[in-house]
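> fold the following and give me the result.
(chains A and B)
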Number of protein chains: 2
Amino acid sequence: VRGAPAIGIAAAYGAVVSLAPLRSASRPRFVTAFEHACASLIATRPTAVNLAAALERLRARIAHSEAASAESLWQALRDEAETIHAEDREICRALARNGVALIREGCGVLTHCNAGALAVSELGTATAPLYLAHARGTRFRVYVDETRPLLQGSRLTAWELDRAGLDVTLICDSAAARLMEERLIDLVLVGTDRVAANGDVVNKIGTSALAILCKHYAIPFYVACPWSTLDLATATGRDVAIEGRDGDEVLSFRGKRAAPRGVKARNPAFDVTPHALVTALITDRGIVEPPFAANLARLARAP
Amino acid sequence: VRGAPAIGIAAAYGAVVSLAPLRSASRPRFVTAFEHACASLIATRPTAVNLAAALERLRARIAHSEAASAESLWQALRDEAETIHAEDREICRALARNGVALIREGCGVLTHCNAGALAVSELGTATAPLYLAHARGTRFRVYVDETRPLLQGSRLTAWELDRAGLDVTLICDSAAARLMEERLIDLVLVGTDRVAANGDVVNKIGTSALAILCKHYAIPFYVACPWSTLDLATATGRDVAIEGRDGDEVLSFRGKRAAPRGVKARNPAFDVTPHALVTALITDRGIVEPPFAANLARLARAP
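Next comes the predicted model:
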């Protein structure tokens, strides 16, 4: 399982499934087993915020329940897991509704990495407007860049969009500028791992380069961002530490060596796209345009 | 053999080697065998300009020789092949001398694709100033991007620079902007397949993106260009047809499938960097700065 929301959903269901055999146990035994399950699940991906958050929601359901029977507690956990899943699905549907107008008949959309159904639920985030536009019969082209080093574009996004019947063309990461020059790209639409309070976007390495190319070619650059991915406690993208991953990912692909032994590699996993290069954020609360700091703060205060 | 100059040199030597057994034949028989050899060599790479040009130089030597003996003709061909090789080596040395001042102590240089010794002779083109600076004891870092889809950066440039003892770090093509943001890159230095009369640069796909990033980050963008690579008969880069190569190069990674079957790919092999994004051309006749059209024309007329 990959993709922050999908990890949270899978963890919640995972806890529920693992506790099914204890539905007739005592409350204390059930609660102990629940904590064991949480510890195991958290250990699988210690840095996954959504995973811990989902389990915290389950824990709160138990804490707020006075039920003596494990069966009641288990039903409550299942209900919470389904709610987490339903909420995520509704967020994706809202992103789809809010972004679908950007996908015009005959247009070309470039996306990066995977912010699709394989990372979230149902419609994905950046892919949500694409799936909805396609369902409505709009004809358009999607260009997917391969997203080295781990090729999420080739392996995941191209797969899921092609399977859904969209018109998908794969390109190398380095070919985006050429396609823009050929006027094949009318907009870029990506997902994000975190958006800071000023609108800076942290996303897969290669995202900021696309935003800079968009500025050069006067092409709009959109970021699909569930409200839960906003980090208003972080002032700017510069305040986010960028993970440097193992250089072996650059030196090879799926075990196939590409570079000579002894050569070192630098492999930043993410980059920061400055808010000044972002045309708009597509959130489940609506499309947010610059100035982002003010508009995000206003939306955050809205009831 | 790859790289336009290397192909020309190899073809010239190839003709000479293949004719060695005919050194005691008659002139007519030697000339017939020469033409057969030329036809075979040209058939190996019909679009290689340097290949045809090198063989044309050999042909001219025969045409201008009144020697009756095959031995004399063969000596003349060998002399011409060695001259072609020596000229290329001298061009690379001139590029090195003209560009070496750009490589300052402690700087970081990003290069793309392979414009090195594996494509040319001895010092290469874009790599020539790097090799000379290294030989002079300057310490600097070279970042090589992998250059998808064919990975010339990983497979060739990283290999030859590492082997020569330079400080080489490999990155994904999409990571260049992040390294620029981190101020690790002080200049970009690439080779070229063709430069138009206005200074537009045709080079491996991904080059123009680097130039656009350089403009954004105010980093100088240099192109090493042997005078023979200038195409003053072509007005602008837009007049150059860009080869679209087989999509399978994008769909797989060294024979390892990366994308699902059925997905199509677009694989432009080159792109055009507009002259406005080029800081200077490093040529064997000196460094050429903007305005390129005027300065190239002036240098072309110089004795």
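> strands along the stretch 201-303 of chain A, start to end?
Listed in chain order, the strands of the stretch 201-303 of chain A (DSSP state E, counting those that start in this stretch) span A:201-204, A:221-224, A:230-231, A:252-253, A:256-257, A:264-265, A:270-273, A:280-283, A:286-288.
> now these in a markdown table, with mean neighbour count, mean pLDDT and distance to chain B?
Glycine gets a C-beta too; all of them are placed from N, C-alpha and C. Formatted as a markdown table, those follow (neighbours: other Cβ atoms under 10 Å in any protein chain shown; pLDDT from 0 to 100; distance: least, Cβ to the nearest Cβ, whole Å):
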| stretch | mean neighbour count | mean pLDDT | distance to chain B |
| --- | --- | --- | --- |
| strand A:201-204 | 25 | 96 | 8 |
| strand A:221-224 | 25 | 98 | 13 |
| strand A:230-231 | 20 | 92 | 19 |
| strand A:252-253 | 20 | 84 | 4 |
| strand A:256-257 | 12 | 86 | 5 |
| strand A:264-265 | 20 | 96 | 4 |
| strand A:270-273 | 24 | 96 | 4 |
| strand A:280-283 | 25 | 98 | 20 |
| strand A:286-288 | 18 | 97 | 24 |
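> and residue A:226, what does it touch?
By Cβ atoms under 8 Å, 6 or more residues apart in numbering or on different chains, the contact set of residue A:226 is A:5, A:91-92, A:95, A:125, A:283-284.
> out of those, which two sit at the greatest distance?
Among the contacts of residue A:226, the pair separated by the greatest distance (Cβ to Cβ) is A:5 and A:283, at 14.1 Å.
> go ahead and confirm residue A:45 touches residue A:52.
No - if you go by Cβ atoms under 8 Å, residue A:45 and residue A:52 don't touch, sitting 9.2 Å apart.
> residues touching the residue in the stretch 201-303 of chain A that chain B sits nearest to, list them.
Closest approach between the stretch 201-303 of chain A and chain B, counting by Cβ to the nearest Cβ: residue A:206, at 2.9 Å. Residue A:206 makes contact with A:112-113, A:145, A:147-148, A:173, A:271, B:172-175, B:177, according to Cβ under 8 Å, 6+ apart.
> may I see the buried residues of the helix or strand that contains residue A:90?
Using DSSP states H and E, residue A:90 maps to helix A:70-99. By neighbour count on 16 or more other Cβ atoms under 10 Å in any protein chain shown, the buried set for helix A:70-99 is A:70, A:73-78, A:80-81, A:84-85, A:87-89, A:91-96, A:98-99.
> next SSE after it?
Once the chain leaves helix A:70-99, the next helix or strand it forms, by DSSP H and E, is strand A:108-111.
> C-alpha coordinates for that following strand, CSV please?
Extracted C-alpha coordinates of strand A:108-111, given in CSV (Å, rounded to 0.1, in the frame of the first residue of the first chain):
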residue,chain,number,x,y,z
GLY,A,108,-3.6,18.3,-23.2
VAL,A,109,-2.9,17.7,-19.4
LEU,A,110,0.5,16.8,-18.1
THR,A,111,0.7,15.1,-14.7
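> whichever helix or strand comes after it vs chain B: in contact?
Using DSSP H and E, the helix or strand that follows strand A:108-111 towards the C-terminus is helix A:128-135. No - legend: contact between helix A:128-135 and chain B by Cβ under 8 Å from any Cβ of the partner chain is lacking; minimum distance shown is 15.1 Å.
> any residues touching helix A:128-135, and which ones?
By Cβ under 8 Å, 6+ apart, helix A:128-135 touches A:92-93, A:95-100, A:102-103, A:109, A:111, A:117, A:123-124, A:140, A:142, A:161, A:164-166, A:189, A:224, A:282.
> could you measure the residue in the stretch 1-150 of chain A positioned nearest to chain B against residue B:179, distance?
Residue nearest to chain B within the stretch 1-150 of chain A: residue A:148 (4.4 Å; Cβ to the nearest Cβ). Separation of residue A:148 from residue B:179 (Cβ to Cβ, to the nearest Å): 15 Å.
> compare those two and say which is more crowded by neighbours.
residue A:148 (28 against 21; other Cβ atoms under 10 Å in any protein chain shown).
> residue contacts, that one?
Counting by Cβ under 8 Å, 6+ apart, residue A:148 touches A:173, A:206, A:250, A:253, B:146, B:148, B:172-174.
> with residue A:24 instead?
With contact set as Cβ under 8 Å, 6+ apart, residue A:24 has these partners: A:70-71.
> ok, now with 10 Å
Residues counted as contacts of residue A:24 (Cβ atoms under 10 Å, 6 or more residues apart in numbering or on different chains) are A:30, A:69-71, A:74.
> nearest to residue B:39 among the contacts of residue A:148?
Comparing these against residue B:39 with Cβ to Cβ places residue B:148 closest, at 35.5 Å.
> tell me the secondary structure for the closest one?
The assignment at residue B:148 comes out as coil when based on DSSP: H, G, I helix; E, B strand; the rest coil.
> how close does it sit to residue B:206?
8 Å.
> and the residue nearest the centre of chain A?
residue A:115 (4.7 Å; Cα atoms, centre = their mean).
> just want the phi and psi numbers for it.
phi -120, psi 40 (degrees, to the nearest 10).
> who touches it in this structure?
If you count contacts by Cβ under 10 Å, 6+ apart, residue A:115 has them with A:3, A:95, A:124-128, A:152, A:156-157, A:189-193, A:203-204, A:223-226.
> and if we set it to 7 Å?
Residues near residue A:115 by Cβ atoms under 7 Å, 6 or more residues apart in numbering or on different chains: A:124-127, A:190-191, A:224.
> greatest separation within those: which pair is it?
Within the contacts of residue A:115, two members stand farthest from each other by Cβ to Cβ: A:124 and A:190, at 11.5 Å.
> contacts only, for the residue nearest to residue A:215 when sequence neighbours are not counted.
Excluding the flanking residues, the one nearest residue A:215 by Cβ to Cβ, 6 or more residues apart in numbering or on different chains is residue A:277, at 5.5 Å. With contact taken as Cβ under 7 Å, 6+ apart, residue A:277 is in contact with A:211-212, A:214-215, A:221.
> not counting the helix or strand containing residue A:14 itself, show me its contacts.
Following DSSP H and E, one finds residue A:14 within helix A:4-19. Contacts to helix A:4-19, defined as Cβ under 7 Å, 6+ apart, come from residues A:1, A:30, A:33-34, A:37-38, A:41, A:45, A:48-51, A:53-55, A:58, A:74, A:77-78, A:80-81, A:84-85, A:88, A:119-121.
> after it comes which helix or strand?
As assigned by DSSP H and E, the chain's next helix or strand after helix A:4-19 is helix A:27-44.
> report the angle between that next one and helix A:4-19.
With axes from the mean of the first three to the mean of the last three Cα atoms, to 10 degrees as the basis, helix A:27-44 and helix A:4-19 are set at 140 degrees to each other.
> so the one residue in the stretch 51-200 of chain A that gets nearest to chain B, which state does it fall into?
Relative to chain B, the nearest point of the stretch 51-200 of chain A is residue A:174 (2.9 Å; Cβ to the nearest Cβ). Three-state assignment for residue A:174 (three-state DSSP): helix.
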